[in-house]
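Undergrad: coords please:
(3 chains)
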Amino acid sequence: MLKNKKPAVNVNYSRIWQTVQLIPYGKVACYGQVADLAGLPGKARLVGKALGKVPDDGWTGQSVPWHRVINSQGKISFAVESELFARQRALLEDEQVAVIGNRVKLTDFQWQPDLAELLFKLTY
DNA sequence: ATACTGACTTTCG
DNA sequence: ACGAAAGCCAGTA
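TA: Numbers count the residues shown, from 1 in each chain, chains lettered A, B, ... in the order given. Alright, predicted model coming up:
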């Protein structure tokens, strides 16, 4: 009997992508929060890895709003002089998320997930 | 197998 | 409030 091959896409990545798709327009979540919701507590760094590998055409027909994920300090986790930093900040401001002094006020913009809706939407 | 690397988080001073 | 340090852990070489 042949051994099973590793899946083409890490199953954990797809869970992370699916969770990020639930973050609403105009809200943000932090890496650790996404990891927890994806059932991967303690794996905040893995969320960053997964977001760097989102397929160009999104996931299961939907785009993945990677720009809505920032770190627990409310800051964008790219060097301020980098191209990606500028892109992420622009995408956030496009949806009315204020980025002041390289920082988003989490008390105003952090996503507060609705438990019942999460249970309905997540498929694992 | 081992070592290094981060799109992280928390604690400390 | 802020930077440094330490802890963290899958992915990568």
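Undergrad: what sits up against the helix or strand of chain A with the lowest mean pLDDT?
TA: In chain A, no helix or strand scores lower on mean pLDDT, DSSP states H and E than helix A:115-121, which sits at a mean of 90. By CB atoms under 8 Å, 6 or more residues apart in numbering, the surrounding residues in contact with helix A:115-121 are A:22, A:37. Any C-beta I mention is one placed from the backbone N, CA and C, and that applies to glycine too.
Undergrad: from A:Ala50, how far out is A:Leu84?
TA: 15 Å (CB to CB, to the nearest Å).
Undergrad: between the two, which one's more packed in?
TA: Neighbours were counted for A:Leu84 and for A:Ala50 using other CB atoms under 10 Å; A:Ala50 has more, 28 against 14.
Undergrad: what's the burial count for A:Phe120?
TA: Count around A:Phe120 with other CB under 10 Å applied: 9.
Undergrad: where's it relative to A:Leu22, distance?
TA: Relative to A:Leu22, A:Phe120 is positioned 11 Å away (CB to CB).
Undergrad: cool, A:Ala90 as well?
TA: Taken as CB to CB, the span from A:Ala90 to A:Leu22 is 22 Å.
Undergrad: who's more crowded, the two?
TA: A count of neighbours by other CB under 10 Å puts A:Leu22 above the other of A:Ala90 and A:Leu22, at 18 against 11.
Undergrad: which residue is the nearest non-sequential neighbour of that one?
TA: Spatial nearest neighbour of A:Leu22, excluding adjacent residues (CB to CB, 6 or more residues apart in numbering): A:Lys121 at 6.1 Å.
Undergrad: and stretch A:107-124, is it in reach of DNA strand B?
TA: No - residues of stretch A:107-124 are not located near DNA strand B by CB under 7 Å from any atom of the strand, the shortest gap being 11.2 Å.
Undergrad: so what secondary structure elements neighbour the longest helix seen in chain A?
TA: Looking across chain A with DSSP state H, the single longest helix is helix A:83-94. With contacts defined as 3 or more CB pairs under 8 Å, 6 or more residues apart in numbering; DSSP states H and E, helix A:83-94 has no helix or strand neighbours.
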